[in-house]
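Student: Quick one, fold the following:
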Amino acid sequence: MIDETESGGFGKKALGVVAAAVVTLGVLFAGVYLIDPNAVRERLGIIPELDVPYVSSRPPTVQAMVEMADIGPDDYVIDLGAGDGRILLAAAVDRGASGLGVDLDPALVEEATDEAERLGLSGRVTFRQQDLFDTPLNQADVITMFLLPSVNMQLRPRLLDLAPGTRIVSNRFDMGDWEADGERRVAGYPVYLWVVPAAVEGDWIVEVGGREIELSLQQTFQQVRGTATIDGEPVALTAKLTGSDLRVEFPSPYRGQNFRAVVREDWLEHPDTAEVLGERAEPEESPE
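Tutor: Down below sits the predicted model:
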């Protein structure tokens, strides 16, 4: 039998344990919310489960992304996982661009939309609650993103299928073996730039300086290598591809045949005069 004194002590101890547990759970819950409020909102069903937790890009990083993409007033920017819209808004305010930002979090979309209205940008930028994988990208001149490596890799085939010259900037995370065209470190973290390369792999016939040259090019993303046949002699060449801009250089004594061209679908043209410099070679017919 427990006397009243013992019972009272036991009850106080039990209440103390319960109170401590409640405080501990409260602290843990608050900590999770402060670190990643989306985790709590997902758990409560307020927003759908996110592929990427929201972490805002710092202002210096936003500035670097806008600069590296060389965004201008004629550019249409699509921001994937736009969050509070700060990257797209900076592109619009600082560079006069227009564009679209998409995010799954309705609260962030509303916040970005309100800020666009406050800045008088409602006619130039739009924010939409939408899955980035369901977002058409073909209209973009520039794509900005702060996602995760796995999401970048899922997007990569679609990005490589965009128009040559489309610029892509990513905060922190790369694209695997697709080497970046530019990289800058901001506050200890990398920012990457890619320029979607034209498709140049294959055989070409070009005419430079009155000479007909046969090119055989191999391509891995923007890296191009190959050989040329000049006056019947095979010659190793050096090539650089940035978007649709192709520069081809030959060793001595053929340096006079070095040329630069804009890559179109099946032909190469002079960057200043639009004169056709060469075309894709017709495939040889296989003997029957």
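Student: For the residue nearest the centre of the chain, name its beta-bridge partners.
Tutor: The residue lying closest to the centre of the chain (CA atoms, centre = their mean) is residue 168, at 3.9 Å. In this entry, residue 168 is beta-bridged to residue 143, residue 194, by DSSP bridges.
Student: need the contact list for it.
Tutor: 69, 142, 143, 144, 145, 159, 193, 194, 195, 196 (CB atoms under 8 Å, 6 or more residues apart in numbering). Bear in mind the C-beta positions are built from the backbone N, C-alpha and C, glycine included.
Student: Next one: the first one from residue 265, what distance?
Tutor: Residue 69 is 25 Å from residue 265, where distance means CB to CB, to the nearest Å.
Student: follow-up on the earlier one: could I get the contacts of residue 168 in JSON lines, plus columns for neighbour count?
Tutor: Output for the contacts of residue 168, formatted as JSON lines (neighbours: other CB atoms under 10 Å):
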{"residue": "69", "neighbour count": "27"}
{"residue": "142", "neighbour count": "26"}
{"residue": "143", "neighbour count": "26"}
{"residue": "144", "neighbour count": "29"}
{"residue": "145", "neighbour count": "25"}
{"residue": "159", "neighbour count": "19"}
{"residue": "193", "neighbour count": "20"}
{"residue": "194", "neighbour count": "25"}
{"residue": "195", "neighbour count": "20"}
{"residue": "196", "neighbour count": "21"}
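Student: where in the stretch 51-200 of the chain is pLDDT low?
Tutor: Scanning the stretch 51-200 of the chain for pLDDT under 70 picks out 51.
Student: could you pull out the helices for it?
Tutor: Taking DSSP state H, counting those that start in this stretch as the criterion, the stretch 51-200 of the chain contains helices spanning 59-68, 86-95, 106-118, 149-160.
Student: out of those helices, which comes closest to residue 223?
Tutor: helix 149-160 (13.3 Å; CB to CB).
Student: contact partners of the closest one?
Tutor: For helix 149-160, contacts defined as CB under 8 Å, 6+ apart pick out 51-52, 80, 132-133, 137, 143, 145, 147, 166, 168, 170, 173-176, 178, 194, 196-197, 221.
Student: Pick out whichever of the contacts of residue 168 sits closest to residue 87.
Tutor: Looking across the contacts of residue 168 and measuring by CB to CB, the closest to residue 87 is residue 144, at 4.9 Å.
Student: Thought residue 77 was touching that closest one, still the case?
Tutor: Yes. Residue 144 lies in contact with residue 77 (CB atoms under 8 Å); the separation is 6.3 Å.
Student: what touches both of these two?
Tutor: Contacts common to residue 144 and residue 77, judged by CB under 8 Å, 6+ apart, are 69, 88, 91.
Student: Go through those residues and say which is closest to residue 183.
Tutor: So of the shared contacts of residue 144 and residue 77, ranked by how close each gets to residue 183 (CB to CB), first place is residue 69, at 13.1 Å.
Student: dump the residue contacts of that closest one.
Tutor: By CB under 8 Å, 6+ apart, the contact list for residue 69 reads 75, 77, 142, 144, 167, 168, 169, 193.
Student: now, which of those residues sits nearest residue 260?
Tutor: For these, the nearest to residue 260 is residue 167 (20.0 Å; CB to CB).
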